[in-house]
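J.: Using only what follows, build the 3D model:
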Amino acid sequence: MGRNRSKLFTEKKVRDDRHGTSVGNTVSSGTGKIWKTNLRCTGVESKLDDCKEGGTAGSCSHSDDVGIYCFNETINPGDLRLISGRLEIFYNETWGTVCDDNFDDVDAQVACRELGYNNGIFIGSTNESVTGKIWLDDVDCCGDENKFEHCPHAKWGVENCFKGENVKIKCNNAIEGEVRNSSGKLEILHNSEWGTVCRDSFGEIEATVACKQLAYRKGDVLETGKTDNLRIWLDNLRCNGEETKLIDCSHDDWGKHTCSHCNVAGLSCSETQGDLRINSNRLEMYYNGTWGTVCSDEFDDKDATVACRQLGYNTGKSLGPKVDGQTGGIWLFDMTCTGNELRLTDCAGSVRMRSSCRINEVGIECSNSNDGDIRIISNGLEIFHDNEWGTVCHKYFDETDASVACSQLGYSNGDVNYSYFYDTGKIWLTKVNCKGEEKKLAKCLHAEWGKNNCSRLVGIKIITVSGEIKFIKILQEDLKHCMPR
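T.: Now for the predicted structure:
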């Protein structure tokens, strides 16, 4: 099962549709291990693990990953669901999709509100062919509808769309003070209610603070004209440009204003060269005025770490190709990172536009590691300390140390084989001496952090069977260097 994915590897379908139903393999492919295959549930089991299982996981690939849809009550016409971000609506006893023609954030907000969230954005089409009915086209919500089906739209089933034009949205629950750009109109959340900001005294500095809160670099004020009747929350807003959130700026009391709905602030946010974002784990780059996917056949964990550092994380992992749902241009990333750069464009090499990608469109996973965490990166063993990843010296590193490292990585044992690799960057640990009972490598005896005279580093050999990691070997070798006579 892929990490952080709501997937279950079962093909059991509850026939009365009162508790859950399988959506087959229409979800995005997962990553990592496949835990279950060929399940045979009767429907009365309390846990999926109680179901009988036949076959082996090796006969199943991630293209066969199964998704499920759960619910508590009878499905009614007009009900919604999300399948890997794809919006579906129930009508005439059948689930169907929504066409992306004219679909925008306002439509997504109405759909997400019906699904129990207070915020939502439109993130494009799924760009995948889905069998079944396309129920809605030309959706044009005002924003205050209680149900998505009440938004203006073409007649049910009347559409001129391809199967790959299915709407994809992202829902979330915003917190106090969060802002959003709702089709050019700035909105802010207060007391669990979205409202607008008066344009009086709202200038470029205030717009830039709002856009930085939305992870952009620069903001401009837009004319909005007459808008809906959302509550006007803020007036006389004044920022100095150093704030990280719009609510940190000075302003009149919430809800106190002398502003009409024709005079609320509009917002346009822009990027700078080389900015990054993650869309469903797919890495995208802003370059030469265009957002596009990153196309590379040698993108590894070091490159991913740099990208994640640029996005505010301390750890990154390459997920390999992520070709579903791409939009915009394609940037060929012909660069090599050491892993220490602050931005991806700081790496040595070049970036250029491509019309298609015949190699990998990169997917990454970002996280924040804790002191003492270890990882495998470019076949090397690394440890996290003082907010920086570094390597482990080979000296005195033996089978006991390898077993502790492998146990920390989730494996039952470890071994030492003789090989080597070189790396640049920080060498954190040397003279590691584990007893074998430690839970983490950092708990073993070792020399002072960063103090060493080591030029050879501990590496790792990964042994896989049918694409799954089965065993890890720690690699090391004493090298003999030839000196000139």
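
J.: Relative to residue 61, how far out is residue 134?
T.: Separation of residue 134 from residue 61 (Cβ to Cβ, to the nearest Å): 28 Å. Every residue, glycine included, has its C-beta placed from N, CA and C.

J.: More neighbours: the two, which one.
T.: Between residue 134 and residue 61, counting by other Cβ atoms under 10 Å, residue 134 is the more crowded of the two (20 against 13).

J.: State the helix or strand in which that one lies.
T.: According to DSSP states H and E, residue 134 maps onto strand 133-136.

J.: Burial check on residue 448, number of neighbours?
T.: Residue 448 is flanked by 9 other residues according to other Cβ under 10 Å.

J.: that's a helix at it, yeah?
T.: No: counting by DSSP: H, G, I helix; E, B strand; the rest coil, residue 448 is located in no helix; its state is coil.

J.: pLDDT wise, what is it at?
T.: Model confidence at residue 448, given as pLDDT, is 91.

J.: Same check on residue 248?
T.: Per the predicted model, pLDDT is 94 at residue 248.

J.: cool, residue 442 as well?
T.: The model reports residue 442 with a pLDDT of 93.

J.: who's in contact with the closest residue to it other than its chain neighbours?
T.: In space, residue 442 comes closest to residue 372 once its chain neighbours are excluded; the distance is 3.6 Å by Cβ to Cβ, 6 or more residues apart in numbering. Residues in contact with residue 372 (Cβ atoms under 8 Å, 6 or more residues apart in numbering) are 383, 384, 385, 440, 441, 442, 443.

J.: out of those, which one sits closest to residue 125?
T.: Among the contacts of residue 372, residue 384 lies closest to residue 125 (Cβ to Cβ), at 38.4 Å.

J.: Now that the closest one has come up, it's in contact with residue 373, right?
T.: Yes: between residue 384 and residue 373 there is a contact under Cβ atoms under 8 Å: 4.5 Å.

J.: which neighbours do those two share?
T.: With Cβ under 8 Å, 6+ apart as the test, residue 384 and residue 373 both reach residue 315.

J.: Enumerate every residue touching the residue lying closest to residue 143 once chain neighbours are set aside.
T.: Counting by Cβ to Cβ, 6+ apart, the nearest residue to residue 143 once its immediate chain neighbours are dropped is residue 106, at 4.8 Å. Counting by Cβ under 8 Å, 6+ apart, residue 106 touches 141, 142, 143, 182, 183.

J.: Relative to residue 161, how far out is the second one?
T.: Going from residue 142 to residue 161 by Cβ to Cβ gives 22 Å.

J.: neighbour-wise, which of the two wins?
T.: It is residue 161, of residue 142 and residue 161, that has more neighbours when counted by other Cβ under 10 Å, with 18 against 13.

J.: Please tell me how far the more buried one sits from residue 134.
T.: 5 Å.

J.: Need the overlap of contacts for these two.
T.: Overlap of the contact sets of residue 161 and residue 134 (by Cβ under 8 Å, 6+ apart) consists of residue 99.

J.: show me where the stretch 101-250 of the chain has strands.
T.: 119-125, 133-136, 167-172, 179-182, 185-190, 193-197, 218-222, 231-234 (DSSP state E, counting those that start in this stretch).

J.: need the least confident one among those, by mean pLDDT.
T.: When the strands of the stretch 101-250 of the chain are ranked by mean pLDDT, strand 119-125 comes last with a mean of 83.

J.: Enumerate every residue touching residue 89.
T.: 78, 79, 80, 95, 96, 97, 98, 135, 136, 148, 149.

J.: TSV please, covering these and showing distance to residue 39 and neighbour count.
T.: Formatted as TSV, the contacts of residue 89 follow (distance: Cβ to Cβ, whole Å; neighbours: other Cβ atoms under 10 Å):
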residue	distance to residue 39	neighbour count
78	32	15
79	27	19
80	28	19
95	23	19
96	28	19
97	27	26
98	31	27
135	31	25
136	34	28
148	33	24
149	35	21
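
J.: Closest one to residue 166 out of those residues, please.
T.: Nearest to residue 166 among those, counting by Cβ to Cβ, is residue 97 at 4.2 Å.

J.: Thought residue 85 was touching that closest one, still the case?
T.: No: with contact defined as Cβ under 8 Å, residue 97 does not count as touching residue 85 (11.7 Å).

J.: what about the helices in the stretch 201-350 of the chain?
T.: Secondary structure of the stretch 201-350 of the chain (DSSP state H, counting those that start in this stretch): helices at 204-213, 301-310.

J.: picking that back up, of all the strands of the stretch 101-250 of the chain, which lies closest to residue 309?
T.: Of these, nearest to residue 309 by Cβ to Cβ is strand 218-222, at 21.6 Å.

J.: List the contacts of the closest one.
T.: Residues outside strand 218-222 that contact it (Cβ under 8 Å, 6+ apart) are 184, 199, 202-204, 206-212, 265-272.

J.: Derive a ChimeraX selection command for the buried subset of the residues you listed.
T.: Typed into ChimeraX, the line below selects the buried ones among the contacts of strand 218-222, using 16 or more other Cβ atoms under 10 Å:
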select :184,199,202,206,207,208,209,210,211,212,265,266,267,269,271
